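predicted model, plus sequence, below.
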Amino acid sequence: MSDVLLRAASVTRRFGDLTAVSDVSMQVGPGEVVGLLGANGAGKTTLMRMLLGLLGTTSGTVEVLGGPPTRERRRRLGYVPQNLGLYPDLTATENMRFAADSYRTPVPNLPADLARYAGSLVGELPLGAQRKLAFVIALSHDPEVLLLDEPTSGVDALSRSALWDTIREQSADGTGVLVTTHYMQEAQQCDRLLLMSDGQLVGQGSEADLIGATAAAAVRTDDWAAVFGVLNGAGVPVILDGRDVRVADADLDEVRRILAGAGLAATVEPVPATLEERMLTLARAKAR
Amino acid sequence: MKAMVVKEFRELARDRRTLAMLIVLPLLLLVIFGYAANFYVSSVKAAVVGPQAAQVTAQLPAFFEVTVDAPTDTRADAEKLLQDNTVDVAFVADQTPVLALVDGSNLFAAQSIVGTLNSFGSSVQTEVLYNPDLTTAWVMIPAIIGLILTFIGTIVTSIGLVREREAGTLEQLAVMPIKPSSVILGKIAPYFLLASLDMIIVTVLGMTLFDVPFNGSVAVFALGAALFLFVVLGIGVFISTISRTTGQAIQTAFLVMLPSILLSGMIFPLDAMAPGVRWIGYLLPLTYFVMISQGVMLRGASLVSLWPAFAVLAVMATVVFTAATLRFRRDLAPGERRRAPAAARVDA
């Protein structure tokens, strides 16, 4: 097996005047779970579609299993798109049979919790069951790499946890996994993270690497709306967490000075930064 | 309400296909009904055979455009000319009264001819071939078969393909180890079979319920239908490649269906249309299928006599199907073209 299963080298993709992905380089190795993080519109899906060969690159190159993403190489991939790619008018079993016939593999058995849906039309299944079925189908031909686009989107916590168990089992068997998500909590499940913002790769590493020495501040106040408005207006990277206002990459004295200048009473305390806050600061730094 | 009206206009301005329908459709209907909606045939092609051919030709009014003047030919030769659709009427001038053989498969021309011949009184004996009672159903049913094939080929096929795009399964197919050619053939084969089955049912029903004759070769008819199906299926696949939604596919297919119904010669005779509109009819595949189906079923026309229609359909099938397949293939394996087009949807 190659040391690099997926590779993008200085990949850019433009749609007219819009640059969806700009000069991104990344790779995924065997047994590695790499999380592609970013807000909606960050370019995660576009990058994944280029890696799959579903979308051409404007510049740069992508490699799958040591070469361009040809049909022969793509057969060694497992892919679960955001919309799952299942036929809603076919039953769960019929969907599996179609995939098995296409890959010329035996029809897999449905997991116990999906067995009761075997004869049901996929369009009538709960979203969690549909996602699980898409996983079963994507894994049915023993892929060397899994590409999962928002695999847990719209799924309840229990199903999400079960899907992540499956992902970890696959990686333990040596399968490389590239997974996009905008759930920061899921980042902890990944071995390595790639942070994307506005089409650019703004950081990569483990969660701890990425957060590093980033400082954050929690601003506690009765008038959170005014505090948020003043800090945001002053160009401070500010996030709302419930009714708490948090400042990423904070200079505590600067925050206190701005609030005092606006006549707002608040306590400003240092707190450990979150990944979301680190993403915000990285994106701002890149923009500058 | 004002906000709703403004929003609606904004949406319409951006929906170019609906806008095109709003502008093109009224113009199309105006042109069709202004220039094409004409049942009156102003002149017909005539053959005059037999020893008195020259005298008869000299006496015929301008309505009869004599394209064949053959004093040595017989009734059998005249019938052959009608069967091959070389002429609409053939005068056999070897007896008194002169015998006029009329091609009843060309309904409106035949009605005009019979009307004109009736004014000649007893000097002409009229015999209508291939559709003696000038029954409209006999002429319409072979054309309706083509219309049904057009419906399945364009609307049903394009919807079936666009549904893959809407459900996101087209992308999944692109990742699977299925050749694009297998995907395309696998998608259209069921429609080809269903359309063939529909064609057989309609033909048999037409023959049993309306006594429509089937005078020609089934093989020639099947060959014409297969070529025509390839053209309309190709159009269906092509429509699917330029449509993102089922609604768009139906809109576009409708723009193919409407002129096919009105300008293919199925309802209004091509010969009666103004030349400025008639050429549209000659661009439509249904025009050529109608020539073949009416020719084979009613006149028993041979492959040799129908070769121009077969040739046009073969060219259309090749061009349309190739273009459609290439476009569809591009959707299935876009990354294999390394450089990307500038304009596309952003999936970020």
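Received it, and whenever you're ready, just let me know what you need.

longest single helix anywhere in chain B?
Criterion DSSP state H: the longest helix present in chain B is helix B:180-209.

and that one, what's buried?
Buried residues in helix B:180-209, counted by 16 or more other Cβ atoms under 10 Å in any protein chain shown: B:180, B:183-184, B:187-188, B:191-192, B:195-196, B:199, B:202-203, B:206. C-beta here means a position set from N, CA and C on the backbone, and glycine is covered the same way.

where are the low-confidence patches of chain B?
Where chain B drops to pLDDT under 70, the residues are B:333-348.

what's the neighbour count on whatever residue of the stretch 151-288 of chain A ends up closest to chain B?
Of all residues in the stretch 151-288 of chain A, A:Gly199 sits closest to chain B, with a separation of 7.6 Å (Cβ to the nearest Cβ). Counted with other Cβ atoms under 10 Å in any protein chain shown, the neighbours of A:Gly199 add up to 24.

hmm, back to that, what's the helix or strand following the longest helix of chain B packed up against?
On the C-terminal side of helix B:180-209, the nearest following helix or strand under DSSP states H and E is helix B:218-241. Contact partners of helix B:218-241 among helices and strands, from 3 or more Cβ pairs under 8 Å, 6 or more residues apart in numbering or on different chains; DSSP states H and E: helix B:136-150, helix B:157-167, helix B:180-209, helix B:246-263, helix B:285-294, helix B:307-332.

quick one, which of these is packed in tightest?
helix B:285-294 (a mean of 26; mean count of other Cβ atoms under 10 Å in any protein chain shown).

so which elements touch it?
Counting by 3+ Cβ pairs under 8 Å, 6+ apart, helix B:285-294 packs on helix B:136-150, helix B:218-241, helix B:246-263, helix B:307-332.

make JSON lines out of these and add distance to A:Gly128.
Formatted as JSON lines, the helices and strands packed on helix B:285-294 follow (distance: least, Cβ to Cβ, whole Å):
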{"stretch": "helix B:136-150", "distance to A:Gly128": "44"}
{"stretch": "helix B:218-241", "distance to A:Gly128": "32"}
{"stretch": "helix B:246-263", "distance to A:Gly128": "27"}
{"stretch": "helix B:307-332", "distance to A:Gly128": "30"}
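
nearest residue to A:Val4 in space, please, no chain neighbours.
In space, and not counting its chain neighbours, A:Val4 is closest to A:Gln27: 4.9 Å by Cβ to Cβ, 6 or more residues apart in numbering or on different chains.

looks to me like the one you found is in a strand.
Yes: assigned with DSSP: H, G, I helix; E, B strand; the rest coil, A:Gln27 falls within a strand.

now do the contacts for it.
Neighbouring residues of A:Gln27 by Cβ atoms under 8 Å, 6 or more residues apart in numbering or on different chains: A:4-8.

what's stretch B:40-48 in contact with?
Applying Cβ under 8 Å, 6+ apart, the set of residues contacting stretch B:40-48 from outside is B:56-57, B:60, B:62-70, B:73, B:78, B:81-82, B:86-91, B:93, B:108-109, B:112-113, B:269, B:271-272.

elements contacting the longest helix belonging to chain A?
In chain A, taking DSSP H as the definition, the longest helix is helix A:157-172. If you count contacts as 3+ Cβ pairs under 8 Å, 6+ apart, helix A:157-172 packs onto strand A:33-37, helix A:127-139, strand A:145-149, strand A:176-181.

try it again at 7 Å.
Packing contacts for helix A:157-172, counted by 3 or more Cβ pairs under 7 Å, 6 or more residues apart in numbering or on different chains; DSSP states H and E, involve helix A:127-139, strand A:176-181.

burial-wise, tell me which of the ones you listed comes out on top.
Note that of the helices and strands packed on helix A:157-172, strand A:176-181 is the most buried (mean count of other Cβ under 10 Å), with a mean of 26.

immediately after that strand, which helix or strand?
Counting by DSSP H and E, what follows strand A:176-181 is helix A:184-187.

for that next one, packing partners?
For helix A:184-187, the elements it packs on are strand A:33-37, helix A:275-287, judged by 3+ Cβ pairs under 7 Å, 6+ apart.

tell me which of the ones you listed is the most buried.
Neighbour counts (mean count of other Cβ under 10 Å) averaged over each of the helices and strands packed on helix A:184-187 peak at strand A:33-37, with a mean of 26.

paired strands for that one, with orientation please.
strand A:176-181 (parallel), strand A:192-197 (parallel) (DSSP bridges).

make TSV out of those strands and add mean pLDDT.
Listed next are the strands paired with strand A:33-37 as TSV, based on pLDDT from 0 to 100:
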stretch	mean pLDDT
strand A:176-181	92
strand A:192-197	90
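
ok, the nearest residue to A:Leu148 once chain neighbours are set aside - contacts?
Counting by Cβ to Cβ, 6+ apart, A:Val179 is the residue found nearest to A:Leu148 once chain neighbours are left out, at 4.4 Å. By Cβ atoms under 7 Å, 6 or more residues apart in numbering or on different chains, the contact list for A:Val179 reads A:33, A:35-36, A:148, A:151, A:167, A:190.

who in the stretch 151-300 of chain B is up against chain A?
B:167-169, B:171-172, B:174-178 (Cβ under 7 Å from any Cβ of the partner chain).

filter the residues you listed down to the buried ones, PyMOL style.
Command for PyMOL that selects the buried part of these, burial taken from 16+ other Cβ under 10 Å:
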select buried, chain B and resi 167+169+171+172+174+175+176+177+178
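
so which of the residues of the stretch 151-300 of chain B next to chain A belong to helices?
Using DSSP H, these in helices are B:167, B:169, B:171-172, B:174-175.

what's the helix or strand for A:Met50?
helix A:44-52.

CA atoms only: put the following helix or strand past that helix into PDB for me.
Counting by DSSP H and E, the element after helix A:44-52 in chain order, helix or strand, is strand A:59-64. Taking Å, rounded to 0.1, in the frame of the first residue of the first chain, the C-alpha atoms of strand A:59-64 are listed here in PDB:
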ATOM      1  CA  SER A  59      -4.500  24.500 -11.600                       C
ATOM      2  CA  GLY A  60      -2.500  22.100  -9.500                       C
ATOM      3  CA  THR A  61      -2.800  18.300  -9.400                       C
ATOM      4  CA  VAL A  62      -4.700  15.700  -7.400                       C
ATOM      5  CA  GLU A  63      -3.600  12.100  -6.900                       C
ATOM      6  CA  VAL A  64      -5.600   9.200  -5.700                       C
END
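
what is the mean pLDDT for strand A:59-64?
Here strand A:59-64 scores 94 as its mean pLDDT.
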